[in-house]
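> Just a sequence and a predicted model for now, questions to come.
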Amino acid sequence: MTAPRIERVVTSGRFTLDGGSWDVDNNVWLIGDDHEVVVVDAAHDADAVAAAVGDRRLTAIVCTHAHNDHVNAAPALAERTGAVIWLHPDDLPLWRQTHPEREPDAWLTDGQVIEAAGADLRVLHTPGHAPGAVCLHDRGLATVLTGDTLFRGGPGATGRSFSHFPTIIGSIRDRLLTLPPGTRVLPGHGAPTTIGEEAPHLEEWIAHGH
């Protein structure tokens, strides 16, 4: 049996919220082995993600949150593969802005473990960027997939509806910075980092309130 591995596909499209629209590149993460895989955040391009999955069995599409740029390709990918779409229920209002005609298939809960080909992704509810934002921590892979909660250089944006800066700071402080310093951080946009690289900057982020 091959060990689980993590692959990245970068897709491009538009992020829309509160009447604004921005061009964005998204990280789509695939966790699995040669036979089975889970997708985290099916963004923009179902064809590109399906091509990366290849002939492997896609068991789950896990949404770190329901901003359109993270979920817009999820129903199309699920339809092609039979995969289950998972979302935290607190993000259902955001989900419905993009997909009013289709609900997610299953609800994420804090502490739940999603298994994929030897990987164990533990769900950490980390609200702030969005009410139902989650991160996925695999202790064995020493990795946390943080969606838009934590990036290289700071927390995710909180200037739009459904977001709240003190809440995201609390989530990062209590749920993420308590992980081992060597834990790789794989965010929803941009370059990876580690918990150890980001932890010393918490007070700066709070002071700047960004």
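That came in fine, so what should we check first?
> so where's the protein uncertain?
Counting by pLDDT under 70, the chain shows low-confidence ranges at 1-2, 210.
> ok, which stretches of it are helices?
Secondary structure of the chain (DSSP state H): helices located at 46-53, 68-71, 74-81, 92-98, 165-171, 195-198, 202-208.
> how far away is Ala130 from Ala3?
Ala130 sits at a distance of 32 Å from Ala3 (criterion: CB to CB, to the nearest Å). For the C-beta atoms, the positions are set from N, CA and C on the backbone; glycine is no exception.
> And Gly118, by the same measure?
For Gly118, the distance to Ala3 equals 6 Å [CB to CB].
> what do these two both touch?
Counting by CB atoms under 8 Å, 6 or more residues apart in numbering, the residues touching both Gly118 and Ala3 are Asp33.
> For the chain, just list every one of the strands.
Using DSSP state E, the strands of the chain run over 5-17, 20-32, 36-40, 57-62, 84-87, 106-107, 113-116, 119-125, 134-138, 143-147, 150-151, 154-155, 184-187, 193-194.
> of the ones you listed, which approaches Phe162 most closely?
strand 5-17 (8.4 Å; CB to CB).
> leaving aside the residues next to it on the chain, what's closest to Phe165?
Thr158 (4.2 Å; CB to CB, 6 or more residues apart in numbering).
> Look up how far Ala76 lies from that neighbour.
29 Å.
> Those two: who's more crowded?
Using other CB atoms under 10 Å, the more surrounded residue of Thr158 and Ala76 is Thr158, with 19 against 15.
> That one reaches Ile172, doesn't it?
No. The pair Thr158 / Ile172 is not scored as a contact, 11.3 Å apart, by CB atoms under 8 Å.
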